[in-house]
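# Pasting the sequence and the predicted coordinates here, then a few questions.
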Amino acid sequence: MIFKEKVLVTGGCGYIGSHTCLYLIENGYEPIIVDNLCNSNTEVLNRIKSIVGYKPIFYELDVRDENALDEVFCTHDIKSVIHFAGLKAVGESVEKPDLYYNNNIGSTNTLLKVMKKHNVKNIIFSSSATVYGNPKRVPIYENDPIGEVTNPYAETKVKIEFLLQDLANHDKTMNIGILRYFNPIGAHKSGLMGENPKGIPNNLMPYVTQVAIGLRDHLNVFGNDYDTRDGTCIRDYIHVCDLARGHVLTLNKLHQNSGLVIYNLGTSIGTTVLELVNAFEKANNIIIKKEFAPRRAGDIAECYANCDKAYKEIGFKTEFNIVDCCRDSWNWQKKNPNGFN
Ligand code: NAD
Ligand code: WQD
């Protein structure tokens, strides 16, 4: 295949990274993946090849390993970076804050150092709606306050955002995209790629699909006494393929010497836990056994995005709705009962 540019994709074997690699290839960008496989599997590279006919170049390395990373930049003429690599389990981050600070912030520091050495100016960073903490209002806008967060995972995202903002202020030649994802779900329509959590899923959709496939007995719905339309929490669930496309649009924007840009990537629609479960049941004609359980510590009642800025500046608009998400998540789980393993 002939590509117009090489893009380093850290964490490219993971859930969002792998889907983004597909869209990069389809849009003429060559992904060079680096991943230490702590939460992923190289089988995903074969799946990418089955879908787009090209197997991305891959290096198994930890982004904190400066020499190994430097070697990749020496070998390839990298023009841009998408930085997905990171640990993301909120509960684990409370148990092991040092691991999260070291991995997430450490990898970003090393990456920025090596980028500087090789004069690479474009970077997109995977941030999260979690940086808004318990939002003062919904929908949430990009200039709403960030930083009042309550777990080490979220703290690492906030600190990295501040670091990147300082960098953009200091060096006007840098082009930096901070993307705040809301709740990514769904999977590629082929059923060849999807979310592959290790152990008991922390997130709602993989838990639902594991109940559907019989790996878990029932879904615990955490809290039905919130001040929402049915008492369960409201989130903004975005299809991972829409999210992936958002990265390509942002990359195109960085190529116009955008400087720093920050976008919410969501659907702008709030969905309750029960609405999501109902949509899953209807889309797939499956009953999900569920029980109401106490609220989960740290959960907020409502979190959904205003995405007007991403629409105005990069033309980002979601194509998939919640039913598409439920259909594609189930299609992936059904075809891969044990994920990539
Ligand atoms: P994921 O765990 O599937 O992917 C992350 C990848 O990074 C994995 O393949 C893992 O092996 C790799 N990795 C982790 N630390 C590494 C290191 N030090 N060196 C090299 N590779 C390393 O997670 P995901 O859902 O695809 O998330 C991607 C990014 O998006 C993460 O930074 C996450 O914090 C962020 N994010 C995710 C969500 C979500 O709900 N999935 C929401 C908001 C933000
Ligand atoms: C969604 C809703 C749960 C599981 C987390 C991180 C956030 C971001 C996305 C990375 C909540 C309820 C869940 C279950 C349930 N990740 N639920 N039973 O909490 O919005 O965000 O993932 O940045 O940082 O905090 O997503 O999927 O965990 O939960 O009732 O077994 O589903 O209480 O209301 P959340 P989630």
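Thanks, I have the structure now. Ligands and ions are numbered 1, 2, ... in the order given.
# contacts and neighbour counts: CA atoms only from here.
OK.
# Break down the stretch 101-250 of the chain into its strands, ranges please.
122-128, 175-181, 183-185, 219-222, 234-235, 237-239 (DSSP state E, counting those that start in this stretch).
# Mean neighbour count, these: which tops it?
Scoring those by mean neighbour count under mean count of other C-alpha atoms under 10 Å gives strand 237-239 as the most buried, with a mean of 26.
# so where does residue 292 fall, helix or strand?
strand 290-293 (DSSP states H and E).
# Which neighbours in the sheet does that strand have, and how are they oriented?
strand 219-222 (parallel) (DSSP bridges).
# residue contacts, the residue lying farthest from the centre of the chain?
Distance from the centre of the chain peaks at residue 225, with 28.8 Å (C-alpha atoms, centre = their mean). Applying C-alpha atoms under 8 Å, 6 or more residues apart in numbering to residue 225 gives the contacts 231, 232.
# Quick check: pLDDT value at it.
Note on residue 225: pLDDT of 98.
# Please report how far it lies from ligand 2.
Distance of residue 225 to ligand 2, computed by C-alpha to the nearest ligand atom, to the nearest Å: 11 Å.
# mind checking how far that residue is from residue 276?
17 Å (C-alpha to C-alpha, to the nearest Å).
# distance between the ends of stretch 262-275?
For stretch 262-275, the separation between the terminal residues is 29 Å (C-alpha to C-alpha).
# Briefly note if that stretch comes near ligand 1.
No - using C-alpha under 6 Å from any ligand atom, we find that stretch 262-275 stays clear of ligand 1, coming within 9.6 Å at best.
# Stretch 301-310 now?
No - Stretch 301-310 does not reach ligand 1 (C-alpha under 6 Å from any ligand atom); its nearest approach is 12.6 Å.
# now stretch 130-143
No - in terms of C-alpha under 6 Å from any ligand atom, no part of stretch 130-143 sits within range of ligand 1; the closest distance is 7.3 Å.
# Start and end of that stretch, how far apart?
Counting by C-alpha to C-alpha, the terminal residues of stretch 130-143 are separated by 14 Å.
# what's near enough to touch residue 301?
Residue 301 neighbours (C-alpha under 8 Å, 6+ apart): 226, 227, 228, 232, 233, 234.
# Just the buried ones from those residues?
232, 233, 234 (16 or more other C-alpha atoms under 10 Å).
# out of everything not next to it in sequence, what's closest to the second one?
When you say that, I think you mean residue 233. residue 301 (4.8 Å; C-alpha to C-alpha, 6 or more residues apart in numbering).
# returning to what we had before: which one of the contacts of residue 301 is nearest residue 58?
residue 234 (37.6 Å; C-alpha to C-alpha).
# Just want to check the distance between that closest one and residue 71.
Counting by C-alpha to C-alpha, the gap from residue 234 to residue 71 is 45 Å.
# who in the stretch 201-341 of the chain is up against ligand 2?
Residues of the stretch 201-341 of the chain lying near ligand 2 (C-alpha under 6 Å from any ligand atom): 202-204, 207, 219-222, 233, 235, 273, 296, 299.
# Closest one to ligand 1 out of those, please.
Checking those against ligand 1 with C-alpha to the nearest ligand atom, the nearest one is residue 203 at 7.5 Å.
# residues near that closest one, how many?
The tally of other residues near residue 203 (other C-alpha atoms under 10 Å) stands at 13.
# For residue 216, which non-adjacent residue is closest in space?
Nearest in space to residue 216, with sequence neighbours left out and distances taken as C-alpha to C-alpha, 6+ apart, is residue 210 at 5.7 Å.
# Now do the strand holding residue 292: everything it contacts.
218, 219, 220, 221, 222, 223, 224.
# switch the cut-off to 10 Å
Under the contact criterion C-alpha atoms under 10 Å, 6 or more residues apart in numbering, strand 290-293 has outside partners 208, 211, 217-224, 232, 274, 277.
# Name the nearest residue to residue 257, sequence neighbours excluded.
Counting by C-alpha to C-alpha, 6+ apart, the residue nearest residue 257 is residue 175, at 6.1 Å.
# how close does the one you found get to residue 265?
For residue 175 relative to residue 265 (C-alpha to C-alpha), the value is 18 Å.
# Repeat that for residue 44.
For residue 44, the distance to residue 265 - C-alpha to C-alpha - is 24 Å.
# swap in residue 272?
18 Å.
# Comparing those two, which residue is more hemmed in?
Neighbours were counted for residue 272 and for residue 265 using other C-alpha under 10 Å; residue 265 has more, 33 against 20.
# The more buried one bridge partners, please.
residue 181.
# can you pull the contacts of the residue nearest to residue 257?
By C-alpha under 10 Å, 6+ apart, the contact set of residue 175 is 80, 120-124, 164, 167-168, 251, 253-261.
# cutoff 8 Å now
121, 122, 123, 168, 254, 255, 257, 258, 259, 260, 261.
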